[in-house]
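Visitor: Here is the input, now give the coordinates:
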Amino acid sequence: MSTKVARAKARKDAAEAVHTLADAGRIVAGSTAASVGSSVSELSGTLSGRVDDARHALAEAIDPTPVKVRRAPWILAVLVLSGLAAYAWATLLRREGPADPGTPVSTTPPSTDQLHGKTTPTQPPSRP
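Guide: The predicted structure is shown next:
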């Protein structure tokens, strides 16, 4: 074989090797892209779910759901206690208690030195 033929065959083999390597690269890139794409979509779904969960938890912490208040027992308790208080006051007001005799009234008329039962000073107080 001559060197020209050997070089031509080597070029042909090299070109085929480059095409085969390029095809292999495309296959690897395609499978890698598909694998990465599916991983990214799974990761995106997972992150999206976690972000939604975190958002809901934060919304609950900031503005909690209103608690249902049962008002009927409280209203009933206030009415019963009001009725008991009214009954107690009525009972206490009906009961006769001891009369306060108060301050005894003087039977003697006040003298000229007294005013309404109090002694008045004869001289005005001096100022220091």
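Visitor: give the contact list for residue 61.
Guide: For residue 61, the contact set (Cβ atoms under 8 Å, 6 or more residues apart in numbering) is empty. C-beta here means a position set from N, CA and C on the backbone, and glycine is covered the same way.
Visitor: Point me to the helix or strand that includes it.
Guide: Using DSSP states H and E, residue 61 sits in helix 3-62.
Visitor: how close does residue 39 sit to residue 46?
Guide: Taking Cβ to Cβ, to the nearest Å as the measure, residue 39 falls 10 Å from residue 46.
Visitor: same question, residue 73
Guide: In terms of Cβ to Cβ, residue 73 sits 47 Å off from residue 46.
Visitor: go on, residue 72?
Guide: For residue 72, the distance to residue 46 - Cβ to Cβ - is 47 Å.
Visitor: Which of the three states applies to residue 100?
Guide: Each residue gets one of three states, and residue 100 gets coil by DSSP: H, G, I helix; E, B strand; the rest coil.
Visitor: what do you get for residue 111?
Guide: coil.
Visitor: Show me the shaky parts of this structure.
Guide: Applying pLDDT under 70 to the chain flags residues 1, 97, 110, 112-128.
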